[in-house]
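Engineer: Pasting the sequence and the predicted model now:
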Protein chains: 2
Amino acid sequence: MTKRVTIADIAERAGLSKGAVSYALNGQPGVSEATRQRVLRMALEMGWHPNSAAKALSGARSGAFGLVMARSPATLGIEPFFMKLISGMESAMAQSQTALLLQVVSDHDREIATYRRWWAERRVDGVFLLDLRCEDRRVPVLEELKLPAMVVGGPGHHGSLPGVWIDDVGAMVVVIEYLAALRHRRIARVAGVPGMLHTELRTQAFNEVTQRIGIEATTVSTDYTPDEGAQATRRLLSAATPPTAIVYDNDVMAVAGVSVAHEMGVDVPGELSIMAWDDSVLCEIVHPALSAVRRDITAYGTHLAEHLLALLDGQQVSDFENAPPRLVVRGSTARPTVGP
Amino acid sequence: MTKRVTIADIAERAGLSKGAVSYALNGQPGVSEATRQRVLRMALEMGWHPNSAAKALSGARSGAFGLVMARSPATLGIEPFFMKLISGMESAMAQSQTALLLQVVSDHDREIATYRRWWAERRVDGVFLLDLRCEDRRVPVLEELKLPAMVVGGPGHHGSLPGVWIDDVGAMVVVIEYLAALRHRRIARVAGVPGMLHTELRTQAFNEVTQRIGIEATTVSTDYTPDEGAQATRRLLSAATPPTAIVYDNDVMAVAGVSVAHEMGVDVPGELSIMAWDDSVLCEIVHPALSAVRRDITAYGTHLAEHLLALLDGQQVSDFENAPPRLVVRGSTARPTVGP
DNA sequence: CTGAAAGCGCTTACAG
DNA sequence: CTGAAAGCGCTTACAG
C-alpha cells in the first residue's frame, strides 16, 4: 500500500492498453463487456482510485465545489445553519465523488478574488453563493467568469444564475397571522442585516401583513449578532407602549431576547411572546423553549448540490423552491395577559 | 477573461521557453533577475494563476489540506468550536495558497475510507485529525498511509503523528481551585463523550484535584448534546445532597443546565454555580451570563495549519502546546448562599 | 544563464 | 472491439 496504483499498472496486468482500461473504467463504449468487468474487478482488487489531478488536467472536472463564507470572526460559527447546509450538500456530493472546498474570508472583495483565483486555477467545477444581497456584486462576476453557480437564496436578484430558496414571505404571513390570532396587536421584528435579500423579503412581508390585519408594527435592524439582538430588545421593551410579541431573524438573537426579558423582569410569554426564525437546538435548551420557524436546512443543502451537479451535466436547471417552513410552537408564545 | 492564461502564453509573449517561465515564476535559479521580473510582471498583467491540476500532476503538491468531521447530524453545528478552528487554519493556509477540503461523515469507518481515497487520489497534501480518542483506530491508518497529519489533541495517544493541544489538566485545576475558594464542597462535572482523550484527561484531573482538596466529586457522562446535558443536570439536582457547582464540558450543555435550574426553581448562582468549558458568545447571551474556560480556538487552528505546512516543507515538527486557557468569570459562579 | 524534452496520470479522437 | 498517440499545463533534470 505504499505505492499508488495507476491505470498503467492495471493495463499491464490485464494485458491491455491504457486507453482500453480508461474506457472500461469510465463506462465508455469501446471495450467488450467481459473486458470491462475484468478491468473493474482488477481496479477494485488493486485499490485503484483515479489521480484527481490527472483527471482534472485531461479536461474532465476538478471534482470539487467551492463554498466561500464571508463573515466577521464575531458571527462565525454561532448559527448552526451553515454546518447543516454543508452536511446536506455533502450527502449529495458524496455520490458523485465531489469534494467541498471551503474558504472563510472577511468581505465580498476577497470572496470575489477567491472566485477569480479558483476559476483561473480550475480548482472548482462550480460554487455555491451564500447570503444573497439585493444588489449583489458577486453575481455579475460569476456570470462573467461563466463559473457554474447555484445561489442560496431568492427568488429574484440572482441574475442568470439559478437560485434555490425557501418561502420566507409565506412563513412570515403564517407567523403574524398566528400571533394576531393570539390577540397580539403590537408586534416588533428584530431583523438581520439590511440589504440581504431574505431580510428585505421578510421585512416587506412583515409590513404588508401587519398593515392588512391592522397591527402596530416596528422593525429594528441588526447585524445578526446576539449583542445587537439584545440591544434591540432593550430598546423595544423600553418604549412607552412596548410590543407584546417580537419576531427575531435568527435563533441566537431570540435567545438573547429571552435573556433581556429576564434581566428586565418581563415575563415570557405572559407579557412578551418571542418567536425565533431558524429553529435549532438552541431554541429547545433555553427556558422557556422558543417557538420558531423551522426550515429543513439539510434538505436545502442537498437540493443545492443536486442542482449544481445537474448543471454540470448540461441539464437545464431552473430555480427551485424548497418545502415551506413550519411553525413550531413551544413555550415562548402565548396570548398576552396584559391588555393593550 | 474568457480564456485561461497558461505559461505557454507568457512564454510566447516574453519570447522565452515554458521552462524558463516556470523557473522565473517559481523563484528557481536559472534565469536572470531582469528576466524574472519581466515574467512576473507579465504574469500579473495577464492574470495568470497556475492550473492547480497541472501543478499537482507534475509532482508538486495538490495544494489542499483535508478535514473530516465525523459527527451525528444532531451534534453538527451547535458548537462554535469548529468554525473558529477552521477560520484559524485558513488564515495560515491562505498565505501558501492552500485550500481546505471539508468532508462530513457519520463515523470513523467512513472517515478512514475518506483518508484512503484522498491518499489514492492525491487529493490532499495532509490532514487534520479531530476529536482524538484514547484508542484511536485512525492514527495507525494515517501512519500506514504516510499521509502527513496534525492531530488536534494530546498530549499522548497520537502515535508518531505530531499533536497540538491545549492544557486541559492545568485548566481543570484552576477551575476547581477557584470553586473551592468560593467554598464549594460538592462539585459535579457533566462530561463529554467517554473515550475522547480530552474528556479522559479532564476527568482524571477533576478526580485528582477534588480528592486532593477534599471535595465531594461526581461525574456524569454525556454525548455533548444539550439534551443529555439537561438530563444530567436534572439528575444531579434531584439528589439528596445536590452539588453546589457544576462544570460542563462544553457551552451548549452549560446553557441547557441554566435552563434546567430555572425550570426546577434553583437559583443561579445562589444555590448553584455553573461553569462552561469553551467560552463562546452563547455564554454571554444567557441570563445569568456564564463563567467559562476560554481557549483561543482561532490561534489553535492557525498553529495546526502552520505546523502542517512546516511538516510538508520537510521541517522537523514536534508536538506543540497552545497558550493555556483563561478563566472568564461572569454571573453564573459565586459563593453558595446555602450551607452544606 | 537558457532551451528542448520528458514526464506526471489521465482522456479522447484517430487508425486499424 | 482494440491499440498507439497526442494532449491537458505544469516541473525538472539534462544539454548547450
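Structural biologist: Arrived safely. Numbering: from 1, shown residues only, chains lettered A, B, ... in the order given.
Engineer: How much space separates the residue nearest to A:P73 when sequence neighbours are not counted from DNA strand C?
Structural biologist: Nearest residue to A:P73, sequence neighbours excluded (Cβ to Cβ, 6 or more residues apart in numbering or on different chains): B:S87, at 6.4 Å. Backbone N, C-alpha and C define where each C-beta goes, glycine included. According to Cβ to the nearest atom of the strand, to the nearest Å, B:S87 stands 34 Å off from DNA strand C.
Engineer: list the contacts for B:S87?
Structural biologist: Contacts of B:S87 were listed using Cβ atoms under 8 Å, 6 or more residues apart in numbering or on different chains, and they are A:73, A:76-77, A:104, B:298, B:301.
Engineer: in what helix or strand does the residue nearest the centre of chain A lie?
Structural biologist: Nearest residue to the geometric centre of chain A (Cα atoms, centre = their mean): A:L85, 4.9 Å. Taking DSSP states H and E as the definition, one finds A:L85 inside helix A:81-93.
Engineer: Tell me the helix or strand right after that helix.
Structural biologist: Later in the chain than helix A:81-93, the nearest helix or strand by DSSP H and E is strand A:99-105.
Engineer: How far away from the center of its chain is the helix holding A:L85?
Structural biologist: Counting by Cα atoms, centre = their mean, to the nearest Å, helix A:81-93 is centred 8 Å from the centre of its parent chain.
Engineer: just stretch A:161-169 next, same as before
Structural biologist: Averaging C-alpha positions (Cα atoms, centre = their mean) puts stretch A:161-169 10 Å from its chain's average.
Engineer: Quick one, grab the pLDDT at the closest residue in space to A:A99 that isn't next to it in sequence.
Structural biologist: In space, and not counting its chain neighbours, A:A99 is closest to A:A64: 4.4 Å by Cβ to Cβ, 6+ apart. Note for A:A64: predicted pLDDT of 95.
Engineer: and A:A64, how many residues sit next to it?
Structural biologist: Neighbour count for A:A64, taken as other Cβ atoms under 10 Å in any protein chain shown: 25.
Engineer: With the one 5 residues further on instead?
Structural biologist: Residues lying near A:M69 (other Cβ under 10 Å) number 20.
Engineer: quick one: A:D136 and A:H157 touch, right?
Structural biologist: Yes. Counting by Cβ atoms under 8 Å, A:H157 is a contact partner of A:D136 at 6.4 Å.
Engineer: So if I had to pick from the two, which one is more boxed in?
Structural biologist: Between A:D136 and A:H157, counting by other Cβ under 10 Å, A:D136 is the more crowded of the two (22 against 18).
Engineer: Report the secondary structure state of the more buried one.
Structural biologist: coil (DSSP: H, G, I helix; E, B strand; the rest coil).
Engineer: Contact partners for it?
Structural biologist: Residues near A:D136 by Cβ under 8 Å, 6+ apart: A:129, A:157-158.
Engineer: Do I have it right that A:P50 meets B:R122?
Structural biologist: No. At 9.6 Å, A:P50 does not count as touching B:R122 under the criterion of Cβ under 8 Å.
Engineer: re earlier: so which of the contacts of A:D136 comes closest to DNA strand D?
Structural biologist: A:L129 (25.9 Å; Cβ to the nearest atom of the strand).
Engineer: Tell me the bridge partners for the closest residue in space to that closest one that isn't next to it in sequence.
Structural biologist: Leaving aside its sequence neighbours, A:L129 sits nearest to A:V151 (Cβ to Cβ, 6+ apart; 4.7 Å). Listed beta-bridge partners, A:V151: A:L129, A:G163 (assigned using DSSP bridges).
Engineer: ok, A:V151 to A:V39 distance?
Structural biologist: According to Cβ to Cβ, to the nearest Å, A:V151 and A:V39 sit 41 Å apart.
Engineer: Of these two, which one has the most company?
Structural biologist: Using other Cβ under 10 Å, the more surrounded residue of A:V151 and A:V39 is A:V151, with 27 against 24.
Engineer: Isn't that one up against A:R138?
Structural biologist: No. With contact defined as Cβ under 8 Å, A:V151 does not reach A:R138; the gap is 9.3 Å.
Engineer: what sits in contact with each of these two?
Structural biologist: A:L129.
Engineer: burial count for A:R330?
Structural biologist: Look at A:R330: counted by other Cβ under 10 Å, it has 18 neighbours.
Engineer: give me the residue from chain A nearest DNA strand D.
Structural biologist: Across chain A, no residue is closer to DNA strand D than A:G19, which sits at 2.6 Å (Cβ to the nearest atom of the strand).
Engineer: would that residue count as being in a strand?
Structural biologist: No. Looking at A:G19 with three-state DSSP, it is helix, so not inside a strand.
Engineer: what about it, distance to A:G30?
Structural biologist: Following Cβ to Cβ, the distance that separates A:G19 from A:G30 is 8 Å.
Engineer: so who does A:L290 touch?
Structural biologist: Taking Cβ under 8 Å, 6+ apart as the contact definition, A:L290 lies against A:251, A:254-255, A:258, A:274-276, A:282-284, A:330-332.
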